[in-house]
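Trainee: quick one, what's the 3D model for this:
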Amino acid sequence: MILQELLFPNYETCAEYEMYFRLEGDSMAAVDAPQEKVPGELTHYERFFRRQADIRFDNSAQRRAYYDPEVPALHMASWQHAGFDTYFNCFSVGKWNKYTRLDNLTLRLELQGSFQVTLLHMYSMYTEPFEHIFCERVCRASVRTAFDFEIPLKNLDEGGIVCFRLYALEEKDNVFYGGGYVTNVDEATLNPVNIAIDTCTFRRERYITRNVGILNRDIMENPNSPVCNHLDMFISDNGQTLDVEAMQTDRVHIFPNRNVGGAGGFTRGMIEILDMLPRRPFTHVLVMDDDVLINTNAILRTYRLLQFLKPEFQGKTVAGAMLRLDNRSLQHECGGWWDGFCVRNDKTMLDLTDIEKILFNEKEDMANYNAWWYSCIPISKITNENLPLPIFIRYDDVEYGLRTGSDIIAMSGICLWHEPFEYRFSSSSQYYEIRNEMIVNALHWPDFGFKQAREVLRYSVKVNIGRYRYSDCKLAFKAMEDFCKGPDFLLNTDGEALHKEVMMIGDRFQPLKELPVRFDENEYIKSQRMEKPAKKFKRFITLNKHLVPRKGDGVVDAALNGVKDFAGKRRVLNYDVGGNRGFVSEYNGRLLRETMSGYRRTVRMMKAKYVQACEAYRKAMPTLVSREFWDKYLGLK
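Mentor: Below is the predicted model of the structure:
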């Protein structure tokens, strides 16, 4: 049985070859992220691979290595070596030893020519990477031949990864065709695994159609895939715009749904999965965003891991990492933990072409949830009495992870790609982040009281005053007011209508040509620079320059900015890097006074109602997460 296939670069997902192998003395160049494909034209990735396929060994003294995507295969000249201590081709031996019943492991390589093969165990102690060579062997073959190398699992108790290196010994015709990490096992003894993908979408036909096509091609309609008969996909169509007749099959299930946000969409999927259990014995629900770029090999690795889990770990969630679409070797997040104020994550912005970062990523931390871009949750955690909260968007995954106690297992290679969140900035998120943070803490963080809640509000108002975003302050006040209305507000409020109201309060993007402040690239670049200590001190003593005359206009990233970028400016263009649009923040003395008055009024209200609201949420929890409530909320009954 193949546990983990060795992978080669793929232009559809990730073509950065150092995510797969490292070459010494190679001629290959780094590749940028792919462009959208125009019919009839080659994408940047396709041109790259065609160029690599055209490279052949020349007559010069320095032979060149190249990757041929058509076979696929890696060709190497004498004394060149390739390292597979990479994100996609290492094996997380420490976690397999800890969490699974795996008792034998073999590395199988398909080679032609002459190679010295070196097997290594690599792990991180403190911050230093260590490597231990436990096998070296010379392999010679005139035709494509499979070579097996036994890996002594029980001797590798320091955690970390297993990987290998290839050293070419002949002048030419040294070819690596791939392989995998395999095991001998009686499949009747493995855990039964059937996965239901739960995704929801709102008018993102292009993304969902692409992902359904990839899953059909690679898994659900591919009889050679081990997961072929063990995967279904459930889609909640919140926008009711999908072509159901064209997309729906006996394995792809589409359900028109009200626009009740991600929380409502994912919950609808869970309800439909639960209702299908008598016909399909699902063991896990893979909650997945609609606008991700799917890595189908990650699903295969997840499936194999679940088959081997020890009984005491079968309640854990398998967590997929989110890598950035604009830099496909850069990890945004892999698991997180909630500390009462915000999500913490030590494994953000890791360059996964760096072996030190890969080893650091293998270390387990105190993560208590994984975001719902890729979370494979045991079906035993999902019941008609334990559904998500109706909080539309933001922190629904945090709350559900804390409630179900779903500690996570994350491994190298289990990942997908997602657009960076700074490209999807929305002013309305201010409302949901504050309101839902209060709900999460009321339910799971009892030491978070009125004083801490007031500090959250104070910080939000302070920052948004500094950014001249007075409408965001209004959203913060509304968030606190709605929370203090207690759970009856969630029970009796139309989530779709509320979202429209929130959207009307917040700042809305407009085309740049319609705005009174023009985009100035020099101002935008200036806002990205670090602030000097002298300027920071001047801002501090003048209340972010509110005590001095303001002049001129500025330009900032709408999502990634600080109050320093607004100091002393009269107007500031908040530029959306994901599109040619923005909105303008402008200092306004009247709105500033109204904001301060609103802050004092909201704090008085919180002092009177916050504690009672927390108690009411705790009492109402069973109702809010029940099937009876959700059937009514979604209009199913």
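Trainee: which positions in whichever helix in the chain runs longest come out as buried?
Mentor: In the chain, taking DSSP state H as the definition, the longest helix is helix 589-624. Neighbour-count burial for helix 589-624, counted by 16 or more other CB atoms under 10 Å, picks out 591, 595, 598-599, 602-603, 606, 609-610, 613-614, 616-617, 620-621, 624. Using the backbone N, CA and C atoms, a C-beta is placed for each residue, glycine as well.
Trainee: between those residues, which sits nearest residue 439?
Mentor: residue 617 (6.1 Å; CB to CB).
Trainee: residues contacting the residue lying closest to residue 178 once chain neighbours are set aside?
Mentor: Distance criterion CB to CB, 6 or more residues apart in numbering; nearest residue to residue 178, sequence neighbours excluded, is residue 6 at 5.0 Å. Applying CB atoms under 8 Å, 6 or more residues apart in numbering, we find residue 6 in contact with 84, 89, 109, 178-181.
Trainee: over to the nearest residue to residue 125 once chain neighbours are set aside. Which of the three states is it?
Mentor: Of all residues beyond its chain neighbours, the one nearest residue 125 is residue 158 (7.8 Å), with distances taken as CB to CB, 6+ apart. Following DSSP: H, G, I helix; E, B strand; the rest coil, residue 158 is assigned to coil.
Trainee: distance from the chain centre to the longest helix of the chain, please.
Mentor: How far helix 589-624 lies from its chain's middle: 32 Å, per CA atoms, centre = their mean, to the nearest Å.
Trainee: within the helices and strands, which one has residue 181?
Mentor: strand 174-182 (DSSP states H and E).
Trainee: ok, the biggest strand by length in the chain: who's next to it in the sheet?
Mentor: Identified as the longest strand of the chain according to DSSP state E is strand 128-151. With DSSP bridges as the test, strand 128-151 is paired with strand 105-125 (antiparallel).
Trainee: for the strand it pairs with, give the mean pLDDT please.
Mentor: When pLDDT is averaged along strand 105-125, the result is 94.
Trainee: strand 174-182 and that one, what's the angle between them?
Mentor: Interaxial angle, strand 105-125 versus strand 174-182 (axes from the mean of the first three to the mean of the last three CA atoms, to 10 degrees): 90 degrees.
Trainee: and strand 105-125, C-alpha only, in CSV?
Mentor: The C-alpha coordinates for strand 105-125 follow below in CSV (Å, rounded to 0.1, in the frame of the first residue of the first chain):
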residue,chain,number,x,y,z
LEU,A,105,7.7,1.5,6.3
THR,A,106,9.6,1.2,3.0
LEU,A,107,10.9,3.9,0.7
ARG,A,108,10.4,2.8,-3.0
LEU,A,109,12.3,4.6,-5.7
GLU,A,110,12.1,4.1,-9.4
LEU,A,111,15.5,4.7,-11.0
GLN,A,112,17.5,4.3,-14.2
GLY,A,113,21.3,4.7,-14.3
SER,A,114,23.6,4.8,-11.4
PHE,A,115,22.8,6.5,-8.1
GLN,A,116,24.0,6.6,-4.5
VAL,A,117,20.9,6.7,-2.4
THR,A,118,21.1,8.2,1.1
LEU,A,119,18.3,8.0,3.6
LEU,A,120,18.2,10.5,6.5
HIS,A,121,16.3,11.2,9.6
MET,A,122,16.0,14.9,10.2
TYR,A,123,14.7,16.7,13.3
SER,A,124,14.9,20.0,15.1
MET,A,125,16.4,20.3,18.6
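Trainee: which residues in it does the neighbour count mark as buried?
Mentor: For strand 105-125, by 16+ other CB under 10 Å, it's 105, 107, 109-115, 117-124.
Trainee: strands along the stretch 201-350 of the chain, start to end?
Mentor: Secondary structure of the stretch 201-350 of the chain (DSSP state E, counting those that start in this stretch): strands at 231-237, 252-256, 284-287, 292-293, 317-319, 321-324, 330-333, 337-338, 343-344, 350-351.
Trainee: let me fix that: the stretch 1-150 of the chain
Mentor: Counting by DSSP E, counting those that start in this stretch, the strands of the stretch 1-150 of the chain are 2-5, 22-23, 66-68, 73-76, 81-83, 105-125, 128-151.
Trainee: ok, which of those comes nearest residue 206?
Mentor: strand 2-5 (28.8 Å).
Trainee: partner strands of that closest one and their direction?
Mentor: Under the rule (DSSP bridges), strand 2-5 has strand 174-182 (antiparallel) as partners.
Trainee: from the chain's centre, how far out does the partner strand sit?
Mentor: 29 Å.
Trainee: packing partners for the helix or strand containing residue 522?
Mentor: Here residue 522 sits within helix 521-527, counting by DSSP H and E. Other elements packing on helix 521-527 under the criterion 3 or more CB pairs under 8 Å, 6 or more residues apart in numbering; DSSP states H and E are strand 553-557.
Trainee: thinking again about what came up before, residue 636 is nearest to which of the strands of the stretch 201-350 of the chain?
Mentor: The nearest among the strands of the stretch 201-350 of the chain, by CB to CB, is strand 252-256 at 9.8 Å.
Trainee: dump the closest one to CSV, restricted to CA.
Mentor: Extracted in CSV, the C-alpha atoms of strand 252-256 (Å, rounded to 0.1, in the frame of the first residue of the first chain):
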residue,chain,number,x,y,z
VAL,A,252,-21.7,15.7,-5.8
HIS,A,253,-24.7,17.0,-3.9
ILE,A,254,-25.9,20.6,-4.3
PHE,A,255,-28.4,22.3,-2.0
PRO,A,256,-29.8,25.8,-2.6
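Trainee: gap between that strand and the chain center?
Mentor: 24 Å.
Trainee: let's have the chain start at 303 instead
Mentor: With the count now opening at 303, the last piece we talked about shows up as strand 554-558.
Trainee: give the buried residues for it.
Mentor: 554-557.
Trainee: contacts for that strand?
Mentor: With CB under 8 Å, 6+ apart, strand 554-558 has contacts from 514, 518, 522, 534-539, 542, 544, 546, 549-550, 570-571, 574, 578.
Trainee: next one: residue 769 from residue 915, what distance?
Mentor: Per CB to CB, to the nearest Å, residue 769 is found 28 Å from residue 915.
Trainee: kindly reformat the contacts of residue 308 as CSV containing distance to residue 774.
Mentor: Shown next, in CSV, are these (distance: CB to CB, whole Å):
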residue, distance to residue 774
386, 48
391, 45
411, 56
480, 52
481, 54
482, 51
483, 50
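Trainee: which one of the residues you listed is nearest to residue 707?
Mentor: Using CB to CB, the contacts of residue 308 come closest to residue 707 at residue 483, 30.7 Å.
Trainee: I'd say residue 455 and residue 404 touch.
Mentor: Yes: in this structure, residue 455 is within contact of residue 404 by CB atoms under 8 Å, at 6.8 Å.
Trainee: with neighbour numbers in mind, choose between the two.
Mentor: Neighbour count, other CB atoms under 10 Å: between residue 455 and residue 404, residue 404 has more, with 20 against 16.
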